[in-house]
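Student: okay, predicted coordinates and the sequence, questions at the end:
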Amino acid sequence: SRSRPSTTVGCLRCWRSSARGDGSRPSRPDHQTQHRDRRGGGGAQRSGRSGGSGVCPRGDGARIDCRVDVGRGGIDDDGARFGCCDSCCRIIDQRVGDGRSGGNGLGVAVDADDAGAAIPQDLGQSPADLVILSFSDSDLGAFAGAWHSARRSGQTLPSLRLANLAALGHPLSVDTYIERTLSHARGILVRLIGGEPYWSYGLSAVHRLARERGIALVVLPADGRDDLRLDEFSTLPVSTLRRLKVLCDKGGPVAAQAVIAQLALASGLYAGPVVGEMDLPEIGVYDPRRGAVAVLPAPDGRPRALVTFYRSYLAAGDTAPVDALIDALRERGFDAHGVFVTSLKAAGVADWLRVQLAQCPPAAIVNATAFSAAGNDGTTPFDAASCPMFQVALSTARREDWALSLRGLSPGDLAMHVVLPEVDGRLFAGVASFKSPGERDPDLQFSHLAHSPDEERVRAVAARVAAWQRLAETPAAEKRLALVL
């Protein structure tokens, strides 16, 4: 919590940067003393000595103004709004660094993932009429395709910039982007996965800009659910927000073009009429060679495997890892098919899946969506299936970053694809793909990152699923059991 008092015993960042240096748990008085000693006139300075005192700008739990100044290695009292201890300490601990590889100025070791996140970025985008921001590369790819399709057909659309919010994680990156790009926009659309905490500083800064400059700001959830908290950051009527959310959730090139046109009109700009059918269903069956199909085919005697994935991948034409998984499972003797959903928590998905699972029970399910699928009642759409449920990671990182990292997957990938799915009882089967950048689009000043399957990892996933199937088919008397103590 950004408003957590400094005396809260759970402030791990301050424990790690304590003068004790032994990782022991400080008492509440010790904790208060550390904060009081670190405060001083002007900006607080970081110690570069391992085990030395770290930084926390204020220890009273108030929401304060602070900006991480990488050049001086301190904190200036202007800019971002963060509160002690969680947010300030997290920014300093994980993102600033002390200018040396692997260090963060607090005596806390970081790996390649944290070091990479510590570097502010300048996206180098010139101003445009409209800006669309999203954590989803599939989202951004769909908007890019829709904008170019409209321009090729002679339709009028305002100038557009696209950017992934993952590149705007550092406060300085946000400040630079606001100054150079967003401050000149007429309309801004932000689609968030996970809600306000996943981009809290950016939302506050962009909201303040939109209020001051009269910019049409739309902030929408991108995980299939309503998030009324995001309405507070938007500057358009709720009716417009709901209409845009429906179009964004609908997906596909026609819906994406309609979103751009609606945003343009709400921003006082002209956009021509959008013609076309938005006929991609919310839930459906997928075949790599036939695309979306109405129903699952009848069983053919082979064990059936289902690969569940986000509908947005299909809408953006970004299904290469799904195709590779289905083909690899078929090579292993499975009757494999894809199932696309807007979200496993979206209305109607659980009921639809229960019918499909009951009509033809699968031997295995490989899930490529993220997070836990458990609803408010604790159940998941997969509960009707009596088979192993595997989880694969479609990593948001590039392969070289994954290969060089001591951790492997980034903290975000670990949370989305390993930790939270394990809450549902899924078995992690490995990484299936990484992000691969395309060429920079000169019109949109944007490089689309698409999912690129890793053939060796995909084969390993299929081999693991096949091994579980062999175990299920082995008579109990022939199974050899081992206890690992």
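Tutor: Received the coordinates, thanks.
Student: what bridges to residue 341?
Tutor: Applying DSSP bridges to residue 341 yields these beta-bridge partners: residue 310.
Student: correct me, but it touches residue 307?
Tutor: No - taking contacts as CB atoms under 8 Å, residue 341 lies outside contact range of residue 307: 11.6 Å. Glycine gets a C-beta too; all of them are placed from N, C-alpha and C.
Student: same drill for these two, tell me which one is more crowded.
Tutor: For residue 341 against residue 307, the residue with the higher neighbour count under other CB atoms under 10 Å is residue 307, and the figures read 28 against 24.
Student: is it true that the more buried one lies in a strand?
Tutor: Yes - counting by DSSP: H, G, I helix; E, B strand; the rest coil, residue 307 falls inside a strand.
Student: and it, how far is that from residue 287?
Tutor: Counting by CB to CB, to the nearest Å, the gap from residue 307 to residue 287 is 11 Å.
Student: could you name every residue contacting both of the two?
Tutor: Overlap between the neighbourhoods of residue 307 and residue 287 consists of 326, 337-338, taking contacts as CB atoms under 8 Å, 6 or more residues apart in numbering.
Student: for the residue most central in space within the chain, what are its contacts?
Tutor: Nearest residue to the geometric centre of the chain (CA atoms, centre = their mean): residue 135, 5.2 Å. When contacts are counted by CB under 8 Å, 6+ apart, residue 135 touches 164-166, 191-194, 198, 222.
Student: one more time with 10 Å, if that's ok
Tutor: Contacts of residue 135 were listed using CB atoms under 10 Å, 6 or more residues apart in numbering, and they are 164-166, 168, 190-194, 198-199, 222-223, 396, 412.
Student: and residue 229, how many neighbours?
Tutor: Should you count by other CB under 10 Å, residue 229 turns out to have 13 residues around it.
Student: my read: it touches residue 221, true?
Tutor: Yes - with contact taken as CB atoms under 10 Å, residue 229 and residue 221 are classed as touching, separated by 9.2 Å.
Student: give me the common contacts of the two.
Tutor: Going by CB under 10 Å, 6+ apart, residues that sit against residue 229 and also against residue 221 are 195-196.
Student: am I right that residue 434 sits in a strand?
Tutor: Yes - per three-state DSSP, residue 434 lies within a strand segment.
Student: now do the contacts for it.
Tutor: Contacts of residue 434 by CB under 10 Å, 6+ apart are 321, 393-403, 413, 449, 451-454, 457.
Student: contacts only, for the residue nearest to it when sequence neighbours are not counted.
Tutor: Using CB to CB, 6 or more residues apart in numbering and skipping residues adjacent in sequence, the residue nearest residue 434 is residue 399, 4.1 Å away. Contact partners of residue 399, counting by CB under 10 Å, 6+ apart, are 431, 433-436, 452, 454, 457.
Student: could you turn the buried ones of these into a ChimeraX selection?
Tutor: What follows is the ChimeraX syntax selecting those of the contacts of residue 399 that are buried according to 16 or more other CB atoms under 10 Å:
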select :431,433,434,435,452,454,457
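Student: which single one of the contacts of residue 399 is nearest to residue 204?
Tutor: Checking the contacts of residue 399 against residue 204 with CB to CB, the nearest one is residue 435 at 27.7 Å.
Student: could you report the pLDDT at that closest one?
Tutor: Here, the pLDDT recorded for residue 435 equals 92.
Student: from residue 410, how far off is it?
Tutor: Relative to residue 410, residue 435 is positioned 11 Å away (CB to CB).
Student: where does the stretch 51-200 of the chain dip in pLDDT?
Tutor: Under the criterion of pLDDT under 70, the regions of the stretch 51-200 of the chain flagged as low confidence span 51-118.
Student: do that again at 50, thanks
Tutor: In the predicted model, the stretch 51-200 of the chain carries pLDDT under 50 at residues 51-117.
Student: count of residues packed around residue 422?
Tutor: Applying the criterion other CB under 10 Å, we find 13 residues in the vicinity of residue 422.
Student: can you check which helix is longest in the protein?
Tutor: For the chain, the longest helix by residue count, based on DSSP state H, is helix 455-473.
Student: just the buried positions in that one, please.
Tutor: In terms of neighbour count (16+ other CB under 10 Å), helix 455-473 has its buried residues at 457-458, 460-462, 464-466, 468-469.
Student: same check, this time on stretch 124-140
Tutor: In terms of neighbour count (16+ other CB under 10 Å), stretch 124-140 has its buried residues at 125, 128-140.
Student: quick one: end-to-end distance for that stretch.
Tutor: Taking CA to CA, to the nearest Å, stretch 124-140 runs 17 Å from one end to the other.
Student: stretch 168-187 too?
Tutor: Taking CA to CA, stretch 168-187 runs 18 Å from one end to the other.
Student: looking at this, residue 279 is in a strand?
Tutor: No - under three-state DSSP, residue 279 falls outside any strand and is assigned coil.
Student: which residues touch it?
Tutor: So residue 279 contacts 250, 252, 254, 292 (CB under 10 Å, 6+ apart).
Student: now the strands for the stretch 51-200 of the chain?
Tutor: Secondary structure of the stretch 51-200 of the chain (DSSP state E, counting those that start in this stretch): strands at 63-69, 74-83, 130-134, 160-164, 187-192.
Student: er, the stretch 201-350 of the chain I mean
Tutor: 216-221, 284-287, 291-293, 304-310, 335-341.
Student: just send those back as CSV, with mean pLDDT too.
Tutor: Written out in CSV, the entries for these read as follows (pLDDT from 0 to 100):
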stretch, mean pLDDT
strand 216-221, 97
strand 284-287, 96
strand 291-293, 90
strand 304-310, 97
strand 335-341, 97
